[in-house]
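Asker: Okay, here's the prediction I keep looking at, along with the sequence it came from:
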Amino acid sequence: MKKSICYPVFFFIFLLCTGKAAAQHESIDSLINVVNTTQNDTLKIQTLNTLSLDLVDAADYVGALKYARQLLQVSAQVEKSPNRAIAIVGKKGKGQFWNCIGQVNLSQSKLNAALNYYFIALPIFKATGDSNAVAEVYSNIASTYADQGDYGQSLDYYMKSLKIDEEAKSLSPMAIDYGNIAAVLTDSKNKPAAAYYLFKAIAIQEKLNEKSGLAVNINNLASIYQTRGDSAKGKSNENTPFVKQQYELANTYYLKSLRLHQECGDKEGSAVSLENLGVICSELGKPDEALEYLQKSLDLYIAFNAKAEMSYCLNNIGKVYQKQHKMAEAEKYFKEGLANAKETGSNDFIMKSNDFLSNFYEETNRPTEALKYYKNYMAYHDSVFNQESTRKLVSTELNYNFEKAQAANKAEHEKEIIVLEGENKIQKQLRLFLFLVIAFCVVILVFVQRAYRNKKRLATFLGNEDSRKELLLQEVHHRINNNLQIISSLLSLQANSAEDERLNVYLKQSQNRIQSLSALHELLYQNNSSLQVNMQEYIEKVLDFHKEVASTLPAKVTIETEVESVMFPTKIAVPLALIINELVTNSLKYAFTEKVAGKIEIRLAATEKNTDWKLMVADNGKGMGPVEERRKGSLGLRLVNIMVKQIGGRLKVNEGEGASFEVAFTVQKQKTI
């Protein structure tokens, strides 16, 4: 929340720099811990966004930029995901990055840069369909335009944010929008309209029992009544019945705002309400009450070390003492107010403090001091309003009153021109807005039906395109399978005609490997899947040929499988099939030469962790023999080791009766049937 001060009344404004969410964020340390420990990319993106914005609020801009860059890196990786829902999360993360960079620049008063970054974030959020994020960026853009003094643009973007929240029927964000619109209308001197939106915001917040926001909007409403009283009082300086009525209403609302701030434990808000009550009591002729309220407010400001607010409060105390003709006390507080204003470095605060001192010394018939502070006031006045420098005042005290009147009239005339130009601009914008609304309604009626027809045709076309791609992919798997079968047949023919026994064996082994690949493409074709294969079905098909070979051996060899029905990606499934092929081939070839019967077991099962798996191929044959003999000339085992490395696994060979091989590996996000 951002606060703008309309002297002598404090007016709160909900110009949001971190969106409209009212919930308290976790501590920065806790958020950093989540970022460093979580493996969930979606959670990491959300946490990095929250952390970056919290660091902006804490004025740690270096830290905010550091984590914002990390947010961009993670988002860019997530956006590449083939899963559309996850990719959208990454795209939103990019929008959050640009929004955060805008916040950093806005907090450092780099307003044009902030706008540029917000306008980069806006189309990203629109593309993801995140209406809440779009509304938030609209609010941030409106806030930046308000800081630039472009109230027309600011009002336009707040209205866009309000429209989104009204369509979503989000009551709390709607109340914030109403409060922001009221603030802009107040700054642009349209107080009746501002009061209208404040009453709408108050009605919602009373219904939701949102005490903190309610206190702010009630304070702002009170300030409007106070300003009405000030305007009616004018230069006559008389409390007419109407003026008194407006002040009494302001007093009532300020008291209610103070009570709500105190119930919420909001000391800063309490300080503002106390100061406003002090100003009103002074206008109502209650100096003792005014000083009591102002002193309580000053004590809170001192505790916060809020120099700007201390400056205003000190000047208000001085004004009360001046009305009581306690000039020594008044002078003391006016000078303290100027000292605090200078510490803020704000030309606006220094200008007003000099104005108080100039009027004070003029009332106490001290023209030299009055002239000195009036010159300071006019110098700072010119810098605040970007006007031409006023003519130097004559140095003699005889010309003081004449020159002062001339300069004051010129400044007042120029301010009136600015106000009139602003009002004319708003009227022109309203007329243009009405014309555009009418034109838009006409155009939209023409294009709605056309857009509907185009959308329907596009949906039909995309559906047909998906079907065509699926058919083409199935045909690719089918043709690959056919080609592999042809190669397998050729190898078989060559093996049968080979006179060299070793060549025959090598060709048969190559045929087995080709059959393993062929089985994969056959399953992919049958299951209409281009990404994953059912391992239970795949391994059974790979072993079909081996079972035929086993039936021709002198020993009675059985092949038993215990494989979970699980879907593995092809980059894991193919190496596993080749490993099984090599190990089963070796068992059939060497394990049972001196046996009457035997058994080969193939098991594939998950371990305790869902992503960790173990493949075991074992036989109860005569065993492997010494390690040196096992390695010598064993192409099959070399191929097994290559495949194990390819899937990032670990191979373990168990010594003992028979031969046993275990391959431990990890598969991310596998799907069990």
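Answerer: Okay, I see it.
Asker: doesn't residue 157 make contact with residue 145?
Answerer: Yes: using C-beta atoms under 8 Å, residue 145 is in contact with residue 157, at 6.7 Å. All C-beta spots, glycine's among them, are computed from the backbone N, C-alpha and C.
Asker: Against which helices or strands is the biggest strand by length in the chain packed?
Answerer: Longest strand in the chain, counting residues (DSSP state E): strand 597-606. Using 3 or more C-beta pairs under 8 Å, 6 or more residues apart in numbering; DSSP states H and E, the elements in contact with strand 597-606 are helix 535-551, strand 556-563, helix 570-586, strand 612-619.
Asker: Okay, buried residues for the first one please.
Answerer: Using 16 or more other C-beta atoms under 10 Å as the burial criterion, the residues of helix 535-551 that qualify are 535, 536, 537, 538, 539, 541, 542, 543, 545, 546, 549, 550.
Asker: Check the gap between the third one and residue 570 for me.
Answerer: Here the criterion is C-beta to C-beta, to the nearest Å. By it, residue 537 lies 14 Å from residue 570.
Asker: what ranges of this structure fall below the confidence cut-off?
Answerer: 1-26, 235-237, 383-417, 419-420, 463-486, 488-513, 515-531, 625-634, 669-673 (pLDDT under 70).
Asker: can you tell me which residues contact the residue nearest to residue 578 when sequence neighbours are not counted?
Answerer: Counting by C-beta to C-beta, 6 or more residues apart in numbering, residue 578 lies nearest to residue 643, which is 5.2 Å off, once chain neighbours are set aside. Going by C-beta atoms under 8 Å, 6 or more residues apart in numbering, residue 643 touches 575, 576, 578, 579.
Asker: Neighbours of the last one, how many?
Answerer: Here the number of neighbours of residue 579 (other C-beta atoms under 10 Å) works out to 26.
Asker: same thing with the one 5 residues further on?
Answerer: Neighbour count of residue 584, defined by other C-beta under 10 Å: 24.
Asker: Run a quick check on it versus residue 618, I expect a contact.
Answerer: No: if you go by C-beta under 8 Å, residue 584 and residue 618 don't touch, sitting 10.5 Å apart.
Asker: and for the two, which residues touch both?
Answerer: With C-beta under 8 Å, 6+ apart as the test, residue 584 and residue 618 both reach residue 600.
Asker: ok, the residue nearest to the spatial centre of the chain to residue 270 distance?
Answerer: The centre of the chain sits closest to residue 96, judged by C-alpha atoms, centre = their mean, with a distance of 3.9 Å. Using C-beta to C-beta, one gets 34 Å for the distance from residue 96 to residue 270.
Asker: Quick one: classify the residue nearest to the centre of the chain as helix, strand or coil.
Answerer: Three-state call for residue 96 (DSSP: H, G, I helix; E, B strand; the rest coil): helix.
Asker: from what I can see it touches residue 45, true?
Answerer: Yes: counting by C-beta under 8 Å, residue 96 does reach residue 45; the two are 7.4 Å apart.
Asker: which neighbours do those two share?
Answerer: Joint contacts of residue 96 and residue 45 (C-beta under 8 Å, 6+ apart) are 71, 75.
Asker: Phi first, then psi, for residue 59.
Answerer: Per-residue torsions, residue 59: phi 60, psi 20 (degrees, to the nearest 10).
Asker: how about it, what does it touch?
Answerer: By C-beta under 8 Å, 6+ apart, the neighbours of residue 59 are residue 107.
Asker: Going forward, count from 368.
Answerer: Sure, I'll start counting at 368 from here, so that last one is residue 426.
Asker: What ranges does the stretch 568-717 of the chain have for its helices?
Answerer: Ranges of helices in the stretch 568-717 of the chain, per DSSP state H, counting those that start in this stretch, are 578-600, 608-631, 634-650, 654-671, 674-690, 694-711, 714-730.
Asker: since we're on residue 743, how many residues are nearby?
Answerer: Other residues close to residue 743 by other C-beta under 10 Å number 18.
Asker: With adjacent residues omitted, what lies nearest to it?
Answerer: residue 721 (4.1 Å).
Asker: tell me which element the closest residue to residue 498 other than its chain neighbours is part of?
Answerer: Closest residue to residue 498 apart from its sequence neighbours, by C-beta to C-beta, 6+ apart: residue 531 at 5.2 Å. Per DSSP states H and E: residue 531 is located in helix 518-535.
Asker: Going by contacts, tell me the helices and strands next to the next helix or strand after that helix.
Answerer: Note on helix 518-535: by DSSP H and E, the next helix or strand toward the C-terminus is helix 538-554. Using 3+ C-beta pairs under 8 Å, 6+ apart as the contact test, the elements touching helix 538-554 are strand 369-373, strand 376-380, helix 498-515, helix 518-535, helix 558-575, helix 578-600.
Asker: Next, the angle helix 498-515 makes with helix 538-554.
Answerer: 20 degrees (axes from the mean of the first three to the mean of the last three C-alpha atoms, to 10 degrees).
Asker: Identify each buried residue in helix 538-554, please.
Answerer: Going by neighbour count (16+ other C-beta under 10 Å), the buried part of helix 538-554 is 539-554.
Asker: in its sheet, what does whichever strand or helix holds residue 1029 sit against?
Answerer: Per DSSP H and E: residue 1029 is located in strand 1026-1033. The sheet places strand 1026-1033 alongside strand 979-986 (antiparallel), strand 1017-1021 (antiparallel), with pairing taken from DSSP bridges.
Asker: From the rest of the structure, what touches the last one?
Answerer: Outside of strand 1017-1021, the residues within contact range by C-beta under 8 Å, 6+ apart are 985, 991, 1007, 1008, 1011, 1026, 1027, 1028, 1029, 1030, 1031, 1032.
Asker: Next: the first one.
Answerer: Identification of contacts with strand 979-986 by C-beta under 8 Å, 6+ apart yields 943, 946-947, 950-951, 954, 958-959, 965-974, 1021, 1025-1034, 1037.
Asker: Quick one: work out the angle between that strand and strand 923-930.
Answerer: Angle of strand 979-986 versus strand 923-930, following the same axes, to 10 degrees, is 170 degrees.
Asker: Output the helices and strands packed on helix 538-554 in TSV, with distance to residue 812 and mean neighbour count appended to each entry.
Answerer: As requested, the helices and strands packed on helix 538-554 are exported to TSV (distance: least, C-beta to C-beta, whole Å; neighbours: other C-beta atoms under 10 Å):
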stretch	distance to residue 812	mean neighbour count
strand 369-373	41	16
strand 376-380	39	24
helix 498-515	24	23
helix 518-535	20	19
helix 558-575	30	18
helix 578-600	39	23
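Asker: possible to save the ones you listed as a markdown table with distance to residue 795?
Answerer: As requested, those are exported to a markdown table (distance: least, C-beta to C-beta, whole Å):
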| stretch | distance to residue 795 |
| --- | --- |
| strand 369-373 | 25 |
| strand 376-380 | 25 |
| helix 498-515 | 17 |
| helix 518-535 | 9 |
| helix 558-575 | 17 |
| helix 578-600 | 25 |
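Asker: Now residue 405, what are its backbone angles?
Answerer: Main-chain dihedrals, residue 405, degrees, to the nearest 10: phi -70, psi 140.
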